[in-house]
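S.K.: Here is my input, please return the structure:
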Amino acid sequence: MDATLQAVRRESRGKNEAVRLRQSGKIPAVLYGGESKTGESLSIDPKELGAILRSHSGVNSIIALQLDGVADATVLVKHYQIEPVTHRLLHADFFRVSMNKALRVVVPVHLTGESKGVKVEGGTLDFVHRDVTVECLPADIPEHIVIDVTELMVTQGVRVKDLPVDGTWKAVSEPEMLIVHIVAPRAEAVATGEAVAPVAAAEPEVQKKGKTDKEEK
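M.R.: Residues are numbered from 1 along each chain as shown. Predicted coordinates for the structure are as follows:
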């Protein structure tokens, strides 16, 4: 188990209750996956959850949730809500998981190495998608997926289908989804000997679990 989190059941919901909790140093949370279709209302310490989110496993940390001091469930963070200016945690949602049942999670991609297409050919590295959805058991969730870009030349790239096969997880994002590639220098600038302007990288499509709404949903 990656971490332990204390939680207390609460009977009331609503904006006023959320404000009262935050003033007392706690934040509202909801646990999904039990008998209740709307989830169980909880209160948690934002400092404890913040430490978990900042850990190596981050939002994919397997959490042993203790309700009212008693071990109750194994959970993952489903969503969390932050204040956009101060970045304080305002709300969190959790869902129960079974350690012997596969689930799908979003895992960050890390790049390593210096591409020969950039270093030798003057290309630009375009990191298109920084996350990949994988399917695995909760205990096998990777902290990140590493891609070595050293051998990538201009016009070459890595797609989901090119990821190495791993026995503990499998990528389920669209196989043709481009993760990273090396963009060629502008042809006109090369032909005329002008300085090559960097090619603007595409804005990465990053799936985020954090929210910035100010009101509890």
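
S.K.: pLDDT (mean, whole number) over whichever strand in the chain runs longest?
M.R.: Using DSSP state E, we find that the single longest strand of the chain is strand 70-82. Taken as a whole, strand 70-82 carries a mean pLDDT of 91.

S.K.: Each with direction, which strands does the very next helix or strand once past that strand pair with?
M.R.: The helix or strand immediately downstream of strand 70-82 is strand 89-96, counting by DSSP states H and E. Strand 89-96 has its sheet partners listed here by DSSP bridges as strand 27-32 (parallel), strand 70-82 (antiparallel).

S.K.: low-scoring stretches of this structure, by residue?
M.R.: For the chain, applying pLDDT under 70 flags the ranges 1, 187-217.

S.K.: Break it down into its domains, please.
M.R.: 3-97, 103-192 (automatic domain parsing).

S.K.: Do me a favour and get the end-to-end distance for the first one?
M.R.: With Cα to Cα, to the nearest Å as the measure, the first residue of domain 3-97 is 14 Å from its last.

S.K.: was I right about residue 2 contacting residue 61?
M.R.: Yes: between residue 2 and residue 61 there is a contact at 4.1 Å, judged by Cβ atoms under 8 Å. Where C-beta positions appear, they are placed from N, C-alpha and C, glycine not excepted.

S.K.: the more surrounded of the two?
M.R.: residue 61 (22 against 17; other Cβ atoms under 10 Å).

S.K.: Please give me every residue in contact with the more buried one.
M.R.: Neighbouring residues of residue 61 by Cβ atoms under 8 Å, 6 or more residues apart in numbering: 2, 3, 52, 53, 55, 76, 77.

S.K.: what sits against the first one?
M.R.: This points to residue 2. 52, 55, 57, 61, 62, 63.

S.K.: Also residue 92?
M.R.: Residue 92 touches 27, 29, 30, 44, 49, 77, 79, 80, 81, counting by Cβ under 8 Å, 6+ apart.

S.K.: Which strand or helix spans the fifth one?
M.R.: Assigned by DSSP H and E, residue 49 falls within helix 46-53.

S.K.: Mind listing what's buried along that helix?
M.R.: 46, 49, 52, 53 (16 or more other Cβ atoms under 10 Å).

S.K.: Closest to residue 86 out of the contacts of residue 2?
M.R.: Distance to residue 86, by Cβ to Cβ, is smallest for residue 52 among the contacts of residue 2, at 19.1 Å.

S.K.: The spatially closest residue to that closest one that is not a sequence neighbour and residue 161, how far apart?
M.R.: Closest residue to residue 52 apart from its sequence neighbours, by Cβ to Cβ, 6 or more residues apart in numbering: residue 3 at 4.7 Å. As judged by Cβ to Cβ, to the nearest Å, residue 3 and residue 161 stand 34 Å apart.
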